[in-house]
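**Student:** Just need the structure, nothing else, for what follows:
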Amino acid sequence: MAKDFSRQFYSSKAWQSCRNEYASRHGWLCEDCLKRGIYKPGKEVHHVEELTPLNINRPEVTLSFDNLVLLCKECHKARHDKRNNGRRYLIGDDGEIIIE
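**Tutor:** Next comes the predicted model:
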């Protein structure tokens, strides 16, 4: 489940607009897969710098294209597994992260 501090952000019009524009500019294709020559639909716009209670109100982190990457569900899960030292996560149908 999304962290409580970020729930309001992810449902905001600003995020939805940013997310859609970013994905559209990247052809709705997973950026990690493209680097490997694979054409796969991107489903998740991922924040490279993880959102925290300290940066959730900083647009240069939350809404900056420089801090975003479009990923398929598998690549999104892999990024979270790597970032969290192998802790297992599931990505729900709604795109929220669920700790196993």
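**Student:** the longest helix in the chain is where?
**Tutor:** helix 13-25 (DSSP state H).
**Student:** roughly how far out does it sit from the chain middle?
**Tutor:** Put simply, helix 13-25 sits 11 Å off its chain's centre (Cα atoms, centre = their mean, to the nearest Å).
**Student:** where's C33 relative to L51, distance?
**Tutor:** 24 Å (Cβ to Cβ, to the nearest Å). Where C-beta positions appear, they are placed from N, C-alpha and C, glycine not excepted.
**Student:** what's the answer for S17, then?
**Tutor:** For S17, the distance to L51 - Cβ to Cβ - is 17 Å.
**Student:** Now do L90, the pLDDT please.
**Tutor:** The score at L90 is 57. That number is its pLDDT.
**Student:** Kindly report the same for the one 5 residues further on.
**Tutor:** With respect to pLDDT, G95 has a value of 66.
**Student:** correct me, but C18 touches L63?
**Tutor:** Yes: when contacts are counted by Cβ atoms under 8 Å, C18 is listed as touching L63 (4.7 Å).
**Student:** between S17 and L51, which one's more packed in?
**Tutor:** Per other Cβ atoms under 10 Å, whichever of S17 and L51 has more neighbours is L51, with 18 against 11.
**Student:** Run through the bridge partners of the spatially most central residue of the chain.
**Tutor:** By Cα atoms, centre = their mean, the mean C-alpha position of the chain lies nearest to H46, the distance being 1.8 Å. Judged by DSSP bridges, the bridge partners of H46 are V69.
**Student:** show me the contacts for it.
**Tutor:** Neighbouring residues of H46 by Cβ atoms under 8 Å, 6 or more residues apart in numbering: 68-71, 76, 79.
**Student:** Could you find the lowest-pLDDT member of those?
**Tutor:** R79 (88).
**Student:** Who's the closest spatial neighbour of that residue, skipping the chain neighbours?
**Tutor:** Nearest in space to R79, with sequence neighbours left out and distances taken as Cβ to Cβ, 6 or more residues apart in numbering, is H46 at 6.1 Å.
**Student:** which residues in this structure form strands?
**Tutor:** Secondary structure of the chain (DSSP state E): strands located at 44-47, 68-71, 89-91, 97-99.
**Student:** So which bits of the first one are buried?
**Tutor:** So the one you mean is strand 44-47. Buried residues in strand 44-47, counted by 16 or more other Cβ atoms under 10 Å: 44-46.
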